[in-house]
Each structure stands twice: as structure tokens, then as C-alpha cells.
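In: I'd like to go over a predicted model; first the sequence, then the structure.
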Amino acid sequence: MPKTANKLTNLGVKDIRDGVAGGDFTAREVAEAFNAAVAEAAALNAFIITTPDHALAAADAVDAKRAKGEDLGKMGGVPIGMKDLFATRGVQTTAASHILEGFTPQYESTVSQNLWDAGAGMLGKLNLDQFAMGSSNETSYFGNVNSPWRKEGSNAAMSPGGSSGGSSAAVAARIAPAATGTDTGGSIRQPAAFAGITGIKPTYGRCSRWGVVAFASSLDQAGPMARTVEDCAIMLEAMAGFDPKDATSLKMDVPAWEAGLSADLKDKRIGIPREYRMEGTDEEILKSWEQGKEWLRDAGAEIVDVSLPHTKYALPAYYIVAPAEASSNLARYDGVRYGLRDLPDGAGLQDMYAATRAEGFGDEVKRRILIGTYVLSAGFYDAYYNQAQKVRTLVSRDFAEAFGQCDAILAPTTPTASFPLGSLNDDPLTMYLNDVFAVPASLAGLPAMSVPATVNADGLPLGLQIVGKPFDEQGVLNAGLAIQQRANFTAKPEKWW
Amino acid sequence: MSVDKATVAKIASLARIKMGDEELERMVPELNGILDWVEQLGEVDCSGVEPMTAVIENHLRLRDDVVDAIPETAGGRREDVLANAPAAEHGFFGVPKVIE
């Protein structure tokens, strides 16, 4: 790659947008540089398909607008990676599953359309855990994503986190300046933490779910993944907004989050939930949490202890609610309307459904559909599903009470750093525990972000999480910015791909 | 509560996922591991607590009573609807014979 192209791929959203607008380089030069970087990085398996022509066409449109002196949009000239959970018109959308292999939407998801309208282009569709079910990117039908990060002195393939693992790997590897993610129970924040990047899940309802392959509809939320808080603020502004096609879309204006950024936390109180001090949490993570408190104090905030008494029950409640909703949502894959059909010789309709779904779903997806079917079945609904939804009310109430004493909450994003691919496959439960710190905010629909804090002794990134009040993405972004300015996280993976 | 192989077979049938003996046997301990673990929710005193129905306060909107108000979700798009069907014939979804 020529030297200038290499320089362009080191830029983030803001620098690309401003550079294109200012005429330092063209959008086409940027798209070409990233298309080349993507083509070189096949070993990461971050993309299921690449769409270099889409990126170039969007770039040419932005360059043409600039020549005419028109507004270039919030993301003008920025090529991004699109998680393959967003329906993209005319471009295969699989949710990393076999059952949707070859599915070509005839429509565009609202979030992706918003991004194209803002001047962004698409580098390709990013790999993920199948139907966004997983925390390591090992459940994709299209193979594991390899993290660009490796332990110091080791060649073992590491997990980029999940489910938005293609997104985190691509942004960390500098083959995309930013990517979309979706977060159902930590799927933006955990991979962001594992890959040393920044990612925010906004308040439930900020980003339209229309055209996003559904996993658990009461939890699913889209959000940006990028390398800085500023870049996330810009991209979230472009993604969010009221959509009449989504019944749970918030009818609220999108705040000017980028313009509102301020790292001055004077008069802000940051809560430290005592129940997050859990057994099994890595010492270095606890140390980074202490460091995070110092940074926020330095930014002017007051640190206060808060209690979230039902924290321990959030994860088991999630593993009833999410599979229950998934079992219902995934009933649509029937081999009739779209996707795979497996019709054994002489089979009737019911046999066709069962054969199609056996062939089209991976193990983790089947496991969750079965759990969901069981907890919703007659005789068990009250004991499992209703009880879990009551616990969810209590988890949400805990946050509401804590926010009486603080403006935002600081916690680790994950209990450990990234782990080698294949190391947690024996037991689904140990994998689920990855999201123990991320799930409570999901159950309560709250905005939450992961920001890189430091690297551990193995040279792997660790993230800090900020959880905010409903609709207070600004408060979350501002606390994140205060951490970013003090953490001065400059580590990046050494190129091996 | 725990599940045995017959129960897993029943759930798999309800979920319309074909599973052989070996797969059912593999699923039994995996599902029981998860079910044992979620059992702890029973410890929580939820008396007087309403199950959550909406995570963020929001009201259900009514759309204008206009035909085809939103083009993407409107009618008259048969070709689009059928475009990804594994078997589309004569403008319909094709399925195996369901009536003898």
C-alpha cells in the first residue's frame, strides 16, 4: 500500500469527514485506501462479503457534492463496515447463518439508510455470532473472526468478542474507521472492550430496529463502534432518529451529541455499584476500575458508592427473556418465504419445517430456541418467563434508585480480557458469564458505552463501561471522553495478517 | 426442574427442529446446566412486582388510517415479497402438498 493510503486508514470518522470537507483528500482516495486494506485482511475473516463498489459509489457521490458546494452530511466520505444483521438492499444479509445464506433484501434497514443519507459508504458486511447469539464470534456459519490482537509472545488466535466481533476486529485492525454493531446483552460493549475500541449502545428505541434481523426485540439496539468517543458521537447522530416503521422507536429529536461533548465533569456524580465487585473478576480489571475512578475524579466528578442489589440475577433473567423472544422471532425461518429450504423426499410441510431448521440453525441458536420454547411452554411460563420479567422490573428499579444518587455509573465492561478462540467452548454457561457486567443495562434499556482503558500484562486491551440514565447518551459520552483523554490509549495490534 | 430426553424431544418438536438421538442426548445435560443455573431466580421475592412490559416508557402510536401510507410496508409488492422464496410459482409461495 502506498504511504499516503496507509496514513488515510489510520484516520477515524471525524478526521476523514473533516479532511474530505476541507479538501485535504478526496472521499474516493479514502474509499480506495480502505478497500485495499480490507482486501489484504482476509485472514481476520471480519467480513462475510466485501462491497468495494458500494464504498466507491458513495465516495464519488460525496466528491461530486463537494464540487458543487453542497452539504456533505454528518458522515460525508466515511466508509464503514456494516454488521451483517442489517438488511441492505440488493446485498446478501445472512445474520451469519446458513438459513439466511443467499438472502438478498429488497429493502434497506432504517439505520443503514440513515448512514447512507449522511454520506457514509459500505466496505462490506461484517461477520458476527450467528443471529447475534454468542460472545466470542465462534458461532458464525462463516467461520470464526480472528482478533487482530494477540497475547505478547504468542501466536494463538484470540477472540474479538461477540456478537459484533467482525465490527470490533475491523475497527481495531484499521481496515474500517467505524462499524455498526448491535447490542442485545453486551454485543457492542464486550467486543469493543476486547478489541481496544469504543462502542455505545444508546437508550432502547433511539435507533430503529426496522430491517435489523431480530434476536430479542425488547433488548436489541443498534449503535456505533469506532476508535474514539467523538467518532461514536458523530456516527450515533447519523444512525438514530424516530422511525414510524418501528413501534418501539422513540419519538424524540436526536440531540447534537458531537457539539455537546465536554470532558468537564464538575458537579457530576459517578456511582460505583458495589455488587459489581464479583468473584472471578480479573485483578487487572479491578485495578483498571480503580484507575477509572481516579480519572473521573480528576475530571471534576464526585465518586459515590451505589447499590444495585439485583445485579446477580440479571444474567439468569436475561437467559430466560432473550431465548424466549428468540424462539418466537426465529419461528419465521420456515423454508417457505425466504432462505434455506430442506425438503426430504416425500416430506410433508411439518417435516420440511423441521428439516430446514435442523439444517439451517447452528448449535447455539438451537440451544436458545429450545430453552425459549421450554420456558414459554404451558405449565412453565409463570415459573420461568414471568418470574424473569419481574426480576427485570427489579433490575430496572435498582438503576432508577441509584440514579437518584448519581448521574452515571462506572463499571468494568467484562470480567476478563479476550481469551483464545476455542478455550470456552466446553460449557455454554462459562461463555454467558462474559456479559455479566453488560447485561443489567440491557435489561433496563439504558445507554451504555465501553471505552478502552489500558492493556494488561499480556498486552491485551481492557475496557471501562459507563452506564447512563435513560436518554442521557450525552452524559455517557462525556464521561467516556474524560476517560479517553486521561487513559491516552494508543496501543494497537501489531499487523500479522 | 430438569428435562429428560423425552422432554427435549417434545420441545424440539414444538420448535420444529429435527433432532436425532445423539443430538437429543447431547442437549439434555446442556439444557439442564442452563435450567439449573436460572433456577436461582426463584430466590428473589417478587411479591407485588409487575412483570416488565416496556423497558422505556413509550406509548403505542396509531398510524394514520391511510392505505399504503408507508411505501416499504405497503401492498402491491408481490415481486419483492416473493424474490427470496425458495419456491415461488404463479405468484404464490410453493409448499409441499398439505391436503391429501
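Out: Yes, it's here.

In: and the strands in chain B, which stretches?
Out: For chain B, applying DSSP state E gives strands covering B:88-89, B:92-93.

In: to residue A:277, which of these lies closest?
Out: strand B:92-93 (54.7 Å; Cβ to Cβ). (Glycine included, C-beta is placed from N, CA and C.)

In: show me what the closest one pairs with in its sheet, parallel or antiparallel.
Out: strand B:88-89 (antiparallel) (DSSP bridges).

In: low-confidence ranges, chain B, go.
Out: Applying pLDDT under 70 to chain B flags the ranges B:100.

In: as a quick check, tell me the outermost residue of it.
Out: residue B:66 (30.1 Å; Cα atoms, centre = their mean).

In: follow-up on the earlier one: I'd like the strands of chain B written out as TSV, with distance to residue A:76 added.
Out: Formatted as TSV, the strands of chain B follow (distance: least, Cβ to Cβ, whole Å):
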stretch	distance to residue A:76
strand B:88-89	40
strand B:92-93	42
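
In: for those, give me CSV that also has mean neighbour count and distance to residue A:249.
Out: Formatted as CSV, the strands of chain B follow (neighbours: other Cβ atoms under 10 Å in any protein chain shown; distance: least, Cβ to Cβ, whole Å):
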stretch, mean neighbour count, distance to residue A:249
strand B:88-89, 14, 32
strand B:92-93, 13, 30
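
In: mind listing the strands for the stretch 201-350 of chain A?
Out: Taking DSSP state E, counting those that start in this stretch, the strands of the stretch 201-350 of chain A run over residues A:221-226, A:269-273, A:302-306.

In: revised request: answer the last question for the stretch 1-150 of chain A.
Out: Using DSSP E, counting those that start in this stretch, the strands found in the stretch 1-150 of chain A span residues A:47-50, A:79-83, A:121-126.

In: mean neighbour count, those strands: which tops it?
Out: Mean neighbour count (mean count of other Cβ atoms under 10 Å in any protein chain shown) peaks for strand A:79-83 among the strands of the stretch 1-150 of chain A, with a mean of 31.

In: tell me the angle that one makes with strand A:221-226.
Out: Relative orientation of strand A:79-83 versus strand A:221-226 (axes from the mean of the first three to the mean of the last three Cα atoms, to 10 degrees): 140 degrees.

In: most centrally placed residue in chain B?
Out: Closest-to-mean residue, chain B, Cα atoms, centre = their mean: residue B:15 / 8.1 Å.

In: what's the burial count for the residue lying closest to that residue once chain neighbours are set aside?
Out: Spatial nearest neighbour of residue B:15, chain neighbours left out: residue A:373 (4.4 Å); criterion: Cβ to Cβ, 6 or more residues apart in numbering or on different chains. Neighbour count of residue A:373, defined by other Cβ atoms under 10 Å in any protein chain shown: 24.

In: wait, what's in contact with residue A:373?
Out: Residues in contact with residue A:373 (Cβ atoms under 8 Å, 6 or more residues apart in numbering or on different chains) are A:327, B:11, B:14-15.

In: in the helix or strand it falls within, what's buried?
Out: In the assignment (DSSP states H and E), residue A:373 maps to helix A:363-376. Going by neighbour count (16 or more other Cβ atoms under 10 Å in any protein chain shown), the buried part of helix A:363-376 is A:364-376.

In: got it, and stretch A:408-423?
Out: Neighbour-count burial for stretch A:408-423 [16+ other Cβ under 10 Å]: A:408-419, A:421.

In: cool, stretch A:300-311 as well?
Out: Neighbour-count burial for stretch A:300-311, counted by 16+ other Cβ under 10 Å, picks out A:301, A:306, A:308-311.

In: show me which of those residues neighbour chain B.
Out: The subset of those within reach of chain B, by Cβ under 8 Å from any Cβ of the partner chain, is residue A:310.

In: I'd like the buried residues of stretch A:300-311 as JSON lines, with pLDDT appended.
Out: Below are the buried residues of stretch A:300-311 laid out as JSON lines (pLDDT from 0 to 100):
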{"residue": "A:301", "pLDDT": "98"}
{"residue": "A:306", "pLDDT": "98"}
{"residue": "A:308", "pLDDT": "98"}
{"residue": "A:309", "pLDDT": "97"}
{"residue": "A:310", "pLDDT": "97"}
{"residue": "A:311", "pLDDT": "97"}
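
In: contacts only, for the residue nearest the centre of chain A.
Out: Nearest to the mean C-alpha position of chain A, by Cα atoms, centre = their mean, lies residue A:188 at 2.3 Å. Residue A:188 is in contact with A:164, A:167, A:181-182, A:199-201, A:223, A:225, A:450, counting by Cβ under 8 Å, 6+ apart.

In: closest to residue A:470 among the residues you listed?
Out: Using Cβ to Cβ, these come closest to residue A:470 at residue A:201, 12.5 Å.

In: residue A:461 reaches residue A:192, doesn't it?
Out: No. With contact defined as Cβ atoms under 8 Å, residue A:461 does not count as touching residue A:192 (9.1 Å).

In: roughly how far does the spatially most distant residue from the centre of chain A sit from chain B?
Out: Each residue of chain A has a distance to the centre, and by Cα atoms, centre = their mean the biggest one is for residue A:346: 43.4 Å. For residue A:346, the distance to chain B equals 9 Å [Cβ to the nearest Cβ, to the nearest Å].

In: what pLDDT does that residue get?
Out: Looking at residue A:346, its pLDDT is 90.

In: what residues are up against it?
Out: Contacts of residue A:346 by Cβ under 8 Å, 6+ apart: none found.

In: distance check, it against residue B:93.
Out: Separation of residue A:346 from residue B:93 (Cβ to Cβ, to the nearest Å) stands at 20 Å.

In: and what of residue A:481?
Out: Note on residue A:481: its distance to residue B:93, by Cβ to Cβ, is 51 Å.

In: same question for residue A:53.
Out: Distance of residue A:53 to residue B:93, given as Cβ to Cβ: 32 Å.

In: closest one of the contacts of residue A:188 to chain B?
Out: Distance ranking of the contacts of residue A:188 against chain B, using Cβ to the nearest Cβ, places residue A:201 first at 12.5 Å.

In: hmm, residue A:449 and that closest one touching each other?
Out: Yes. The criterion here is Cβ under 8 Å, and residue A:201 meets it with residue A:449 at 7.4 Å.

In: ok, those two, which is more surrounded?
Out: residue A:201 (35 against 32).

In: spatially nearest residue to that one (excluding sequence neighbours)?
Out: residue A:183 (3.8 Å).

In: and residue A:131, by the same measure?
Out: In this structure, residue A:131 finds its nearest non-sequential neighbour in residue A:95, 4.9 Å apart by Cβ to Cβ, 6+ apart.

In: wait, that neighbour sits on residue A:84?
Out: Yes. Residue A:95 is within contact range of residue A:84, at 6.5 Å (criterion: Cβ under 8 Å).

In: overlap in contacts of the two?
Out: What both residue A:95 and residue A:84 touch, as defined by Cβ under 8 Å, 6+ apart, is the set residue A:128.

In: what is the end-to-end distance of stretch B:91-99?
Out: 20 Å (Cα to Cα, to the nearest Å).

In: contacting residues for the closest residue to chain B within the stretch 51-200 of chain A?
Out: Nearest residue of the stretch 51-200 of chain A to chain B, counting by Cβ to the nearest Cβ: residue A:106, 4.0 Å away. Each residue near residue A:106 by Cβ under 8 Å, 6+ apart is listed here: A:89, B:77, B:80-81, B:83-84.

In: also residue A:236?
Out: By Cβ under 8 Å, 6+ apart, residue A:236 lies in contact with A:200, A:202, A:206-207, A:223-224, A:257, A:473.

In: 6 Å instead, please
Out: Residue A:236 sits next to residue A:224 when contact means Cβ atoms under 6 Å, 6 or more residues apart in numbering or on different chains.
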